[in-house]
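Visitor: model this:
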Amino acid sequence: MTTPSVDVIRVVAAVVRRDDALLVCQRPLHKQHGGLWEFAGGKCEPGESDRDAIARELHEELGVAVCAVGLPLYVARDPGGAYEIVFLPVEISGEVVAHEHTALGWFSAATLVTMPLAPSDAAFVRSLGA
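Guide: The predicted structure is shown next:
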């Protein structure tokens, strides 16, 4: 007996730093992982590069422009799902506004480990060694 293959859905997550703080956003309650905190980002469209996807998502979600995108810092598979989340260092310009999230904030890695994060985001924060 064979199991059906599951297509992996690539998701990009922006690791935006300001001094020693990282930008995270609280997911709306009606979405998967609602109420939990996450790094902003979203699904890549077919044929879309990581850079193009993160630029589109941050413009939609936060109203900012992307100035630079680095190499992946961490890759996680969302438990129980088909999502592969790629955490990318991103430099932005503009003032962040929560267009799609309930809240947003800048927190140290030490504070983030104590917060209710989405599973893959929590794994990334733990990888920082805070």
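Visitor: please count neighbours and contacts with C-alpha atoms only from this point.
Guide: Will do.
Visitor: please, where are all the strands along the chain?
Guide: For the chain, the strands defined by DSSP state E cover 9-15, 17-18, 21-26, 37-38, 41-43, 65-69, 74-77, 83-93, 103-107.
Visitor: do you know which of these lies nearest residue 120?
Guide: Of all these, strand 74-77 sits nearest to residue 120, with 5.8 Å by Cα to Cα.
Visitor: what's the closest one in contact with?
Guide: 83-88, 120, 123-124 (Cα atoms under 8 Å, 6 or more residues apart in numbering).
Visitor: for residue 66, state which of those is nearest.
Guide: When these are ranked by distance to residue 66 (Cα to Cα), residue 88 comes first, at 11.8 Å.
Visitor: ranking the strands of the chain by burial, who's on top?
Guide: Among those, strand 37-38 has the highest mean neighbour count (mean count of other Cα atoms under 10 Å), at a mean of 25.
Visitor: what is the burial count for the closest residue to residue 98 other than its chain neighbours?
Guide: Closest residue in space to residue 98, ignoring its immediate chain neighbours: residue 62 at 5.4 Å, by Cα to Cα, 6 or more residues apart in numbering. Using other Cα atoms under 10 Å, residue 62 is surrounded by 20 other residues.
Visitor: wait, doesn't residue 62 sit right on residue 92?
Guide: No. Counting by Cα atoms under 8 Å, residue 62 does not reach residue 92; the two are 10.2 Å apart.
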